[in-house]
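Asks: Everything below, folded, please.
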Amino acid sequence: MNLKEAFRYQNFLDGLLTKTLNYLENTQNIVKTTQKHLKSKANPEARDETIDTTKDRQLDYEVNILIDFCNKIVDWKSGIGEAISSTKRNIGFDIDNAISMNKKKQEVSRVLTRMGSIKPSETIKRGSAYKFNAEGNQVSYNYDVEEVSVIDFDRNKVKTIAKKLVSDADKISTELDRIMVDSNVEWDMPFDINDSYDDILDQYKVIWSKN
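Replies: You can find the predicted model right below:
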């Protein structure tokens, strides 16, 4: 698989693990509950009755299988992580730093682009104050407020910097896309990423039964 597929498979494994852990965290899914109704103690003519009150579970698999499945996913996560790290070390290009810096460049560019779009403005607003009238009472009154906003920075410089940051980020993104596709990761996928959760558990059940 290539590096792009490997990162996607990492996320796929995360999804499998999260779904399985969420299931196991529900106590009703991991215990069997029975009630023994001791009717004969109160009524000699009645029979005792045992009732299975275990709630219907979402998954029809042994809990032990799901526990082992979680542990195996952790192993797979470790394996594919090491394979990805090995590939990244041999690329000769710091992918993590490039991705991090691209995000920062795009963030700065976004703010500077907005700054470059601001224009000077003159507006009339309404203000209010208080005064004493002829009777000596305090009353409010309204008045006009002329507000003038001027640009307090070099707009041309801001636009130039923003444009360069976007251009640099685009170039790095293009290079990252190429690397993601061209770089090979040596690791065998245990399941097809397009398999459903139930299909994967069925496959793992067969693997588990052989161990």
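Asks: Pick out the residue nearest the middle of the protein.
Replies: For the chain, the residue lying nearest the average C-alpha position, counting by C-alpha atoms, centre = their mean, turns out to be Asn11 (9.8 Å).
Asks: Surely Phe153 and Gly116 touch.
Replies: No: counting by C-beta atoms under 8 Å, Phe153 stays clear of Gly116, with 9.3 Å between them. For the C-beta atoms, the positions are set from N, CA and C on the backbone; glycine is no exception.
Asks: How about stretch 91-99, which residues are buried there?
Replies: With burial defined by 16 or more other C-beta atoms under 10 Å, the residues of stretch 91-99 counted as buried are Ile95, Ala98.
Asks: could you give the mean pLDDT of it?
Replies: Stretch 91-99 shows a mean pLDDT of 92.
Asks: again, but for stretch 192-208
Replies: Averaging pLDDT residue by residue across stretch 192-208 gives 92.
Asks: sorry, back to before: between Phe153 and Gly116, who's got more neighbours?
Replies: Shown here are Phe153 and Gly116; by other C-beta atoms under 10 Å, Gly116 has more neighbours (20 against 11).
Asks: Not counting its neighbours along the chain, what's nearest Gln28?
Replies: Lys55 (4.8 Å; C-beta to C-beta, 6 or more residues apart in numbering).
Asks: Also Cys70?
Replies: Spatial nearest neighbour of Cys70, excluding adjacent residues (C-beta to C-beta, 6+ apart): Thr20 at 5.3 Å.
Asks: And for Asn184?
Replies: On the basis of C-beta to C-beta, 6+ apart, the spatially nearest residue to Asn184 that is not a chain neighbour turns out to be Asn2, at 6.1 Å.
Asks: thought that neighbour was touching Val181?
Replies: Yes: at 5.4 Å, Asn2 and Val181 qualify as touching, with contact defined as C-beta under 8 Å.
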